[in-house]
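In: I would like the atomic coordinates for the input below:
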Amino acid sequence: MKIWKILLYVLGVIPWAFTISLMAFYFHAGRVLGHSPSYNQPDPKELDIYMDYAPFIDVSVDIWLWSFVAWFMLSIVYLIVKRKDIQWAPIIIPAIGQFIAILLLLSGVFEWYID
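Out: All right, here's what the predicted structure looks like:
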């Protein structure tokens, strides 16, 4: 049981790297500009701070997307294998981070970043 919890929690921490890095870039850009950035105003690649954040954001989104698939599949296997003795915390707590990352992926912040 312990290995299931560790794997699920590790896969639940990974989306926070993407979330925190993208939001840090967004708020830093907002502080530099004096207003919240929006789609194509300005293009994020025009900002001097872009090269500081871009490598980490790009890598973290790639890793997060793979971890999401792994977390989803592992959660299904966990629910099937442990169907008589399911502990919901290792499923729900990582799901919160995954859900927040999905919301961020579908938000205007990510749309602005990939502009």
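In: Let's verify the residue lying farthest from the centre of the chain: helix, strand, or coil?
Out: Computed with Cα atoms, centre = their mean, the maximum C-alpha offset from the centroid of the chain is found at Lys84, amounting to 31.2 Å. Classification of Lys84 using DSSP: H, G, I helix; E, B strand; the rest coil returns coil.
In: Can you list the buried residues in the helix or strand Ile93 falls within?
Out: For Ile93, the host element (DSSP states H and E) is helix 89-105. Buried residues in helix 89-105, counting neighbours by 16 or more other Cβ atoms under 10 Å, are found at 90-91, 94-95, 97-98, 101, 104-105. The C-beta positions use only the backbone N, C-alpha and C, and glycine is treated the same way.
In: check contacts around Leu22.
Out: Counting by Cβ atoms under 8 Å, 6 or more residues apart in numbering, Leu22 makes contact with 57, 60-61, 104, 109-110, 113.
In: quick one: which two of the residues you listed are the most distant?
Out: Across the contacts of Leu22, the longest distance by Cβ to Cβ is 14.1 Å; it joins Ser60 and Val109.
In: hang on, the earlier thing: got phi/psi on the residue farthest from the centre of the chain?
Out: phi -90, psi -20 (degrees, to the nearest 10).
In: swap in Tyr39?
Out: Phi and psi for Tyr39, reported as degrees, to the nearest 10, are phi -50, psi 120.
In: Tell me the confidence at Met1?
Out: According to the per-residue confidence, Met1 scores 62 in pLDDT.
In: hmm, I was thinking of Ile102
Out: At Ile102, pLDDT is 96.
In: which residues touch it?
Out: Applying Cβ under 8 Å, 6+ apart to Ile102 gives the contacts Phe68.
In: where are the low-confidence patches of this structure?
Out: For the chain, the stretches flagged by pLDDT under 70 are 1.
In: Do you have the strands of it handy? List them.
Out: Under the criterion DSSP state E, the chain carries no strands.
In: got the residue ranges for the helices in it?
Out: Using DSSP state H, the helices of the chain run over residues 2-33, 50-81, 89-105, 108-114.
In: can you give me how far stretch 93-104 is from the chain middle?
Out: When C-alpha coordinates are averaged (Cα atoms, centre = their mean, to the nearest Å), stretch 93-104 and its chain have centres 7 Å apart.
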